[in-house]
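Asker: Quick one, what's the 3D model for this:
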Amino acid sequence: MLITVYGATGYQGKLTLAELSRHGVEVRLVGRDHTRLESAAAQAGIPDADRRVAGLDDRAALVAALAGSDVVINCAGPFTTSGAAMVDAAIAAGAHYVDTAGEQQYVKDVFDSFGGDAERAGVTVVPAVNDGCLPGDLLAHLIAEQTGPLAEITVSHFITGAAGLSRGSLRSAAATMDAMRSGGLTYDDGAWRSGIPARRERITLPDGESVAMAALPTCEVVTIPRHVQVEHVESLLEATLKASLETPITPELIAGLPAGPTEHDRAGQQFTYLLDAVDHQGQQTRGVIRGRDTYGTTAVAVVEAARRLAAGDTAAGVRTPAQAFDPADFLDTLSRHDLSWTIEATLTVK
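Answerer: The predicted structure follows:
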C-alpha cells in the first residue's frame, strides 16, 4: 500500500502524515519545495519517505509524481482554485483520490466534472473527507435506513474551545467568502439552488439551549442527497461564529499568523453536529455527532478512508463517504478516536 500526500508541508498535511506514520503505511510526499518536503517527513518520523517535487501548473510532472500510488490524499487548499488539477492528475495516474476539502462549490464541481473520467479509469474519488462532512454524510444514511424517504434534513454545526483556524483554512474561507456570506447552496426539490433562505433560524441543543443559527455552505448539502431520498437539505452554523468567519482578512495578515492551533488548544476544542431529519408524516429523528479536535479528527478520517480505498473494492467514480464506505463500520472506527454518534428516538414536529 503506497499512499501519496499532496500538501504534506501544511498544517493539516503534517497531521495526516503523522497519522499515516502511526499506521506504518508506506508514504510518498509530493509538493513544490524539496526542502520543505524533507522537513515534513522528518517531523512525521518518516525521514526516508519518498519525496517528489511537482507543482500544480505542470500536469505531466504531477501525474508522474503520483504514478504508482494506490491512493492520493490532497490536503492543499484552497481547493476552489487548485483542487481540480489534483483530481485530474490522480485519475490520470490511476490512483484513488481523497481530500480534506470543506469548500461546498468545489465538492459539487468534482461530482459534476469527474465522475465519468474516474469510472473509465477504474478509480474512486471521495472529496470532503473531513471532520464535518464525512461523519454527517455517514450518519444521514443510517438515519434514512430507519426512517425511509424524508421531507428535509437540517445539518447544524456547533464548535467550542480556543482552537482557531489554520492558515490553510483561512485561505479557503477567503477564497469562498461570497458563498459564506450568501449561505451557499441548499438542496431543494431535486436540485441544488443558491439564495434560498434557511427554514430554521434557531436550533435546540441536546441540553435544551436554543441557539440562533445562520446558513452555512457545507459539503453535506452536496453529498447527502446523492444517497438519501430527501426533498430539502440545508446546513447551519451558530450565527455568532459565522459572523466571525465573515470578517475580512488579507493574505498578508494570514501569512503572519501561526500555522494553526496548538496541540493544547486542539485538545480542548469540542464539536457537536446535529442532523434533524423530518419525514413526510412530520416525525423527526435527530442524529448527534460529538467529538473534539476538528483537525485531528480530519487526519484520522482521511487516513482511514485512504487505507480502505487501497485495501477494498469500492465502485469506481466520484462517491460520497456513505457510498464508498460502510457507514456504521466507519463511524464505529472513528468512535475509537473520541468521536461518538447516536440516533435519537423519533419525535413529532409541532
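
Asker: Can you spell out which helices and strands pack onto the helix or strand harbouring Asp332?
Answerer: In this structure, Asp332 sits in helix 327-334 according to DSSP states H and E. Helix 327-334 sits against helix 133-147, helix 294-311, with contacts defined as 3 or more Cβ pairs under 8 Å, 6 or more residues apart in numbering; DSSP states H and E. The way it works is simple: take the backbone N, C-alpha and C, and place the C-beta from them, glycine included.

Asker: Could you give the number of residues near the residue nearest to His157 when sequence neighbours are not counted?
Answerer: Nearest residue to His157, sequence neighbours excluded (Cβ to Cβ, 6 or more residues apart in numbering): Leu237, at 4.9 Å. Leu237: 22 surrounding residues under other Cβ atoms under 10 Å.

Asker: again, but for Ala212
Answerer: With other Cβ under 10 Å as criterion, Ala212 counts 12.

Asker: check contacts around the residue nearest to it when sequence neighbours are not counted.
Answerer: Nearest-residue entry for Ala212: Ala239, 4.3 Å, with adjacent residues in sequence omitted and distances by Cβ to Cβ, 6+ apart. For Ala239, the contacting residues are Val211, Ala212, Met213, Ala214, by Cβ atoms under 8 Å, 6 or more residues apart in numbering.

Asker: distance of Gly168 from Ser194?
Answerer: 25 Å (Cβ to Cβ, to the nearest Å).

Asker: Between the two, which has more neighbouring residues?
Answerer: Gly168 (23 against 12).

Asker: Surely that one is in contact with Leu15?
Answerer: No - the criterion here is Cβ atoms under 8 Å, and Gly168 misses it with Leu15 at 11.2 Å.

Asker: Show the contacting residues for Val155.
Answerer: For Val155, counting by Cβ under 8 Å, 6+ apart, the contacting residues are 136, 140, 218, 220-221, 224, 233-236, 273-275.

Asker: In strands, which of these appear?
Answerer: Using DSSP state E, the members of the contacts of Val155 that fall in strands are Val233, Glu234, Ser235, Leu236, Tyr273, Leu274, Leu275.

Asker: any chance of the residues you listed in CSV, with pLDDT, neighbour count and distance to Met177 too?
Answerer: Listed next are these as CSV, based on pLDDT from 0 to 100; neighbours: other Cβ atoms under 10 Å; distance: Cβ to Cβ, whole Å:
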residue, pLDDT, neighbour count, distance to Met177
Val233, 98, 26, 23
Glu234, 97, 26, 20
Ser235, 97, 31, 17
Leu236, 96, 27, 18
Tyr273, 97, 24, 23
Leu274, 97, 22, 25
Leu275, 98, 26, 26
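
Asker: Apart from its chain neighbours, what residue comes closest to Ala64?
Answerer: Ala54 (7.2 Å).

Asker: I am finished for the moment; much appreciated.
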